[in-house]
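Engineer: Sequence and computational prediction follow.
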Amino acid sequence: MVSTYRHYNREIGSAMYQISVEEHFDAAHYLRNYGGKCENLHGHRFKVVVTVVASKLNEIGLAYDFVELRRHLREILNTFDHTCLNDVPPFDKLNPSSENIAMTIYDWLKPHFLSGGVSLISVEVWESPQSRVCYQPQG
């Protein structure tokens, strides 16, 4: 009997698989020189969504393992969880805006995807159900 599932290692033109995981962390922060109420200490349950892309599947049919992606993200978020972000590098010097949080998470995740056919494409940081930033470097 011939298996119909023998397509795991093919590249499909310019098709890409996008793999995303979502995690969260709880932290306080204040925005230096903001000129509004966010300049006061306040907290959020930050939701973080990380997306990678791959152009082919491995031998068992995965583009990238959700568990592995979540593990890498969790390692970073544990640094921020239940802290005042303004006390944690790099936010002791860099304003802990959602934009800077997304950029920092991206920069810290990037080394995990320098080889292996998988690329990190974006990091989203949600500080409320209605407010998010998506960091996606160009080029």
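Structural biologist: Here it is on my side, so go on. Numbers count the residues shown, from 1 in each chain.

Engineer: Could you point out the longest helix of this structure?
Structural biologist: If you go by DSSP state H, the chain has its longest helix at helix 66-80.

Engineer: Export only the CA atoms of that helix, formatted as PDB.
Structural biologist: Extracted in PDB, the C-alpha atoms of helix 66-80 (Å, rounded to 0.1, in the frame of the first residue of the first chain):
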ATOM      1  CA  PHE A  66       5.200  24.300  19.300                       C
ATOM      2  CA  VAL A  67       6.700  22.900  22.500                       C
ATOM      3  CA  GLU A  68      10.200  24.100  21.500                       C
ATOM      4  CA  LEU A  69       9.000  27.600  20.500                       C
ATOM      5  CA  ARG A  70       7.000  28.000  23.700                       C
ATOM      6  CA  ARG A  71      10.000  26.900  25.800                       C
ATOM      7  CA  HIS A  72      12.300  29.500  24.200                       C
ATOM      8  CA  LEU A  73       9.600  32.200  24.700                       C
ATOM      9  CA  ARG A  74       8.900  31.100  28.300                       C
ATOM     10  CA  GLU A  75      12.600  31.300  29.200                       C
ATOM     11  CA  ILE A  76      12.600  35.000  28.200                       C
ATOM     12  CA  LEU A  77       9.200  35.800  29.800                       C
ATOM     13  CA  ASN A  78      10.300  34.300  33.100                       C
ATOM     14  CA  THR A  79      12.900  37.200  33.300                       C
ATOM     15  CA  PHE A  80      10.000  39.700  33.300                       C
END
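
Engineer: Which of the three states applies to the closest residue to Leu94 other than its chain neighbours?
Structural biologist: Leaving aside its chain neighbours, Leu94 sits nearest to Asn100 (5.2 Å; criterion: Cβ to Cβ, 6 or more residues apart in numbering). For the C-beta atoms, the positions are set from N, CA and C on the backbone; glycine is no exception. Secondary structure, DSSP: H, G, I helix; E, B strand; the rest coil: Asn100 is helix.
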